[in-house]
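K.L.:
Need a 3D model of the sequence below.
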Amino acid sequence: MDTDLTGKLLIALPGIGDARFSRSVILLCAHSPEFAMGIVLNKPMEGLRLPQLLEQLDVPMEIEVPDTYVLDGGPVSSDRGFVLHTDDVIADGTTLEIDGEFCMTATRDMLQMIGSVAAPRRSVLALGYSGWGAGQLELELAANAWLVSDPDDDLVFGDSHSQKWRHALGLLGVDSGRLQIDGGSA
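P.N.:
Numbers count the residues shown, from 1 in each chain. All right, here's what the predicted structure looks like:
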């Protein structure tokens, strides 16, 4: 597959074969023939909210920071923070522009911006990311482990985490109640 899926959503299908990704919705932040990386959007870290984490990291808060959950972005580098945010704030040299709407920045500077009047319009913080080596994602796509869709603001920044998987499927016209793990035979 030569298609660049940067900026697309991956929606896990039943039978994905990896419990860590069951019912996951992932925003692909980068995709190339060598690798792919994305952030899981619908797995909040119970008991860890953004203001609490910023306080633990001694990040000054000039403004009231939204009381949102920190996300479990995936199993890779789970001790590292990744901020998905709107494109109204770009940190020179450190922000990855995902597409025309969404960006990702993984620096303390962005955390400080979130706590200031210079905060992006919308943002979400994830610890860790999901990664694939060369050709690995393409094999999973060929095995029907994922559906691919376009994102919307609610899926990326919304806090209805338990509904995001169904919402993402609904954008494609797929009823989650009709999905099967095994295909039929003709």
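K.L.:
So residue 119 sits against residue 63, correct?
P.N.:
Yes: under the criterion of CB atoms under 8 Å, residue 119 makes contact with residue 63 at 6.6 Å. Where C-beta positions appear, they are placed from N, C-alpha and C, glycine not excepted.
K.L.:
Pick out whichever of those two has more residues nearby.
P.N.:
Just comparing residue 119 and residue 63: by other CB atoms under 10 Å the higher neighbour count belongs to residue 119, 20 against 11.
K.L.:
which helices and strands does the helix or strand encompassing residue 154 pack with?
P.N.:
Using DSSP states H and E, residue 154 maps to helix 153-157. With contacts defined as 3 or more CB pairs under 8 Å, 6 or more residues apart in numbering; DSSP states H and E, the packing partners of helix 153-157 are strand 25-31, strand 123-132, helix 164-171.
K.L.:
Report all helices and strands that the shortest one contacts.
P.N.:
Looking back up the chat, that one is strand 25-31. strand 9-12, strand 36-40, strand 76-86, helix 153-157, helix 164-171.
K.L.:
quick one: contacts for residue 117?
P.N.:
Residues near residue 117 by CB atoms under 8 Å, 6 or more residues apart in numbering: 62, 63.
K.L.:
give me the element it is part of.
P.N.:
Per DSSP H and E, residue 117 falls between elements, in no helix or strand.
K.L.:
If the spatially most central residue of the chain is in a bridge, with which residues?
P.N.:
Nearest to the geometric centre of the chain sits residue 39, at 2.9 Å (CA atoms, centre = their mean). Beta-bridge partners for residue 39, by DSSP bridges, are residue 27.
K.L.:
mind checking pLDDT for it?
P.N.:
With respect to pLDDT, residue 39 has a value of 98.
K.L.:
Please apply the same query to residue 182.
P.N.:
With respect to pLDDT, residue 182 scores 55.
K.L.:
again, but for the one 3 residues further on
P.N.:
pLDDT for residue 185: 49.
K.L.:
quick one, phi/psi of residue 46?
P.N.:
Dihedral pair for residue 46: phi -60, psi 130, per degrees, to the nearest 10.
K.L.:
Count the neighbours of the closest residue in space to it that isn't next to it in sequence for me.
P.N.:
Once flanking residues are discounted, residue 46 sits nearest to residue 69: 7.8 Å by CB to CB, 6 or more residues apart in numbering. Using other CB under 10 Å, residue 69 has 19 other residues around it.
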